[in-house]
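1. Sequence and predicted structure below; questions after.
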Amino acid sequence: MLGIPGRLEAGANDRRGDGQHMSSGFLPTDAARATLVGRVDLGDGPTPVVLRGGRMEDLSRHAPTVSELFNRFSPGEPLPVGRDLGATDSQSFRPAWRGAERRLLPPLDLQCIKAAGVTFATSVLERVIEEQALGDPARAQSIREGLAARIGADLGTVRPGGQDAARLKAALQAQGLWSQYLEVAIGPDAEIFSKAPVLSAVGWGEWVGVRVDSLWNNPEPEIVLVCDGTGRPRGATLGNDVNLRDLEGRSALLLGQAKDNNGSCAVGPFLRLFDASFTLDDVRKVTVHLEIEGEDGFRLSETSEMARISRDPLELLRQASGANHQYPDGFALFLGTMFAPTRDREAQGRGFTHRMGDFVRISCPEIGVLENRVGFCGEIPPWTFGIGALMRNLASRGLLQEGQS
């Protein structure tokens, strides 16, 4: 087990993110009727599991990965019976900052990790502010006040790609207010980008990372849809699309460095499958809650309402895959967030940014709770378990035989 650098141990005596039994800690409030798919490491390697009927089952002998599970079993088809691992309420996991021995892994393995950007009006404004401020948080507040007064109300009322959007674009261009972020917010094409490499995401109870040279950054609490190899949505989970606002604000061409860093993508705790108790219509109505607790006493609580998204989740999925993009092992798609924190933390007018040791809690009653702590990318455990390591591990456990069931 990798150790945590000493400077990240501050506040380790607090109770935030302590070891939890799953029945009370981070499952959906109606977990008794949910089917939850995830991955755990009980000591021998990543293992796909299903939680249902109050039990946890090991599915690795039916499908060695979650990706293969969804490609092998169709939507609506009952998942096979796995090796019983005990009652759900007897399972407990500890976070990495408390020396976890049993790890709760993100419910993704071979899926590509994609994200949709600026899908809420509030986040559109903040991206434009970053751009105009050139990544300098000290300039953000004055720009924010001016933009909100001039275009804020209009953005929330137009349908992307529609005639109203075209008229608004023309008006904004005439005022010299057009932006590449407004183009993907109200234009016909959504922003879809690759968030993180396959297998690089972290799960519940792990460290998330920001770069040491970033002075303006924040979490982005989001719903994440997971699709099989044919692009069919199979369920939803929670994600934290950690964002470095100063890097992206300097130039949109720095998006990769602002978004894809060690520990910058958290997903979990489990994937809730779509079934009679939970559908895509439920996703369209959920509220995602964000709580941040800092070791400096800072507290922040916000919400993101999926009902206010500007593009329907199915439209985002259609733009992410299809004739132009195929993902045979499936893909996960972050749907975006309306959370763009502006509350001052360091100094007046500079807005929010993370401090090391921040505890981040993203929750949704229908899906569960994702908890992480913040450290510098170069000081939290590095990503070392890639596709090659996974294949070697599965082969050593005899899980790669063709036609295994």
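-> Noted; the coordinates are in hand.
2. Find the residue at the geometric middle of this structure.
-> What sits nearest the mean C-alpha location of the chain, by CA atoms, centre = their mean, is Gly239, with 1.8 Å.
3. So it, which state does it fall into?
-> At Gly239, secondary structure determined by DSSP: H, G, I helix; E, B strand; the rest coil is strand.
4. Name all residues that make contact with it.
-> Pro221, Glu222, Ile223, Val224, Cys265, Ala266, Val267, Ala332, Phe334, Ile362, Leu370 (CB atoms under 8 Å, 6 or more residues apart in numbering). Heads up, the C-betas are built off the backbone N, CA and C, glycines and all.
5. what pLDDT, on average, does the host helix or strand of the third one get?
-> Assigned by DSSP states H and E, Ile223 belongs to strand 221-227. Mean per-residue pLDDT for strand 221-227: 98.
6. Give the pairing partners of that strand; include direction for each.
-> The pairing partners recorded for strand 221-227 under DSSP bridges are strand 233-241 (antiparallel), strand 331-334 (antiparallel).
7. How about the longest one, which residues are buried there?
-> Spelled out, it's strand 233-241. Pro233, Arg234, Gly235, Ala236, Thr237, Leu238, Gly239, Asn240, Asp241 (16 or more other CB atoms under 10 Å).
8. now this structure, which segments are flagged as low pLDDT?
-> Counting by pLDDT under 70, the chain contains low-confidence ranges at 1-24, 121-125, 127, 144-157, 171-172, 175, 177, 402-405.
9. could I get the strands paired with strand 221-227 as CSV with distance to Pro106?
-> Shown next, in CSV, are the strands paired with strand 221-227 (distance: least, CB to CB, whole Å):
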stretch, distance to Pro106
strand 233-241, 8
strand 331-334, 9
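10. Which among these is found nearest to Glu295?
-> Closest to Glu295 of those is strand 233-241 (CB to CB; 18.6 Å).
11. For the very next helix or strand once past the closest one, what is the distance to the chain centroid?
-> Once the chain leaves strand 233-241, the next helix or strand it forms, by DSSP H and E, is strand 243-244. Distance of strand 243-244 from the chain centroid (CA atoms, centre = their mean, to the nearest Å) equals 13 Å.
12. helices or strands up against the following helix or strand past strand 243-244?
-> Following strand 243-244 in sequence order, the next helix or strand is helix 245-250 (DSSP H and E). Judged by 3 or more CB pairs under 8 Å, 6 or more residues apart in numbering; DSSP states H and E, helix 245-250 is in contact with helix 121-133, strand 217-218, helix 255-259.
13. Try it again at 6 Å.
-> helix 121-133, helix 255-259 (3 or more CB pairs under 6 Å, 6 or more residues apart in numbering; DSSP states H and E).
14. measure the closest residue to Pro95 other than its chain neighbours to Glu222 for me?
-> Of all residues not flanking Pro95 in the chain, Gly205 sits nearest, at 3.2 Å (CB to CB, 6 or more residues apart in numbering). Separation of Gly205 from Glu222 (CB to CB, to the nearest Å) stands at 19 Å.
15. swap in Thr342?
-> 18 Å.
16. quick one, which of these two is more surrounded?
-> Glu222 (28 against 17; other CB atoms under 10 Å).
17. Could you double-check that that one lies in contact with Met338?
-> No. Checked against CB atoms under 6 Å, the pair Glu222 and Met338 is beyond contact range at 9.8 Å.
18. ok, which stretches of the stretch 251-400 of the chain are strands?
-> For the stretch 251-400 of the chain, applying DSSP state E, counting those that start in this stretch gives strands covering 265-273, 287-293, 299-305, 331-334, 359-364, 368-376.
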